[in-house]
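Engineer: Give me a 3D structure for the following:
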Amino acid sequence: MSRHELIPFADNVSLACAVAERWLGLLSNHPVAGPFCVALSGGRIPKLFYAEIVRLAVARPQLFAEVHFFWGDERCVPPTDAESNFALANENLFKPLGIAPAQIHRIRGDLPPEEAAVEAAKEFTRVALMNAEGQPVLDLVFLGMGEDGHVASLFPSESEEVMASHAVCRVVTASKPPPHRITLGYSALAAANEVWVMASGVGKEKALAESLEENGRTPLARLLRLRPATRIFSDVKLA
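Structural biologist: Residues are numbered from 1 along each chain as shown. Reported below is the predicted structural model:
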């Protein structure tokens, strides 16, 4: 039985709209007792996605009353930097919807990396429920996918020893700029209730195809093997 569901789209706009509608439906059915913990992603597709969320939810701000926002990864830059995943969400999602600061748990990319990773892990474990392995159980994680099959800031160049780390958050040196980043580890991503990958853009055909192979070696392929189920929303044209 496949551990993933591939949901194809004609383009990035239809992809962003469909995922936004699906997320708001999930929030509508979430029990009001306790927070809904979500980790956002970086990349190119989130700006379209955030715009659609705002369009659909501006008249229903109560949907976000119990949502706590985290990130799957962050670049080690100030929170106002154009490369900051927080800045992207803050300008395009939080400000338009009036999300309370207490619900926003940004990774402190402006701190020394090791300190930022420790603080981020503490914040995840403070708010989210924990499993028996000491991992936070996020309700939903949004991920993108790079041309090399990387997800969050988990890149193909990592050793098996590093990939097997059970650290909730860790420092990585990326193979693309900006190099210094903080990322959730594989164990934390595997523990989430839902992981939705938005694989969008040209030049990703080979990486996505390999990621869907049983013995694929991309970071996304590794994550798919660690999880019982993962949804992949994609406008990447496979043969």
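
Engineer: helices and strands around the longest helix seen in the chain, which ones?
Structural biologist: Taking DSSP state H as the criterion, the chain has its longest helix at helix 12-28. Applying 3 or more Cβ pairs under 8 Å, 6 or more residues apart in numbering; DSSP states H and E, we find helix 12-28 packed against helix 45-57, strand 195-199, strand 230-234. For the C-beta atoms, the positions are set from N, CA and C on the backbone; glycine is no exception.

Engineer: ok, then the element right after it?
Structural biologist: Following helix 12-28 in sequence order, the next helix or strand is strand 36-40 (DSSP states H and E).

Engineer: what's next to that next one, contact-wise?
Structural biologist: 27, 30, 46, 66-72, 85, 89, 127-128, 136-142, 184, 192 (Cβ atoms under 8 Å, 6 or more residues apart in numbering).

Engineer: between the helices and strands packed on helix 12-28, which gets nearest to Pro79?
Structural biologist: Across the helices and strands packed on helix 12-28, Pro79 has its closest neighbour in helix 45-57 (15.9 Å, Cβ to Cβ).

Engineer: Now tell me what touches the closest one from outside.
Structural biologist: Counting by Cβ under 8 Å, 6+ apart, 12-13, 15-17, 19-21, 23-24, 40, 63-64, 85, 88-89, 92-93, 96-97, 142, 144, 198, 200-201 sit against helix 45-57.

Engineer: Repeat the analysis, applying 6 Å as the threshold.
Structural biologist: Residues outside helix 45-57 that contact it (Cβ atoms under 6 Å, 6 or more residues apart in numbering) are Asn12, Ala16, Cys17, Ala20, Leu24, Leu63, Asn92, Leu93, Pro96, Met198, Ser200.

Engineer: quick one: the fifth one and Val197, what's the gap?
Structural biologist: According to Cβ to Cβ, to the nearest Å, Leu24 and Val197 sit 19 Å apart.

Engineer: Over to the first one?
Structural biologist: With distances taken as Cβ to Cβ, Asn12 is found 14 Å from Val197.
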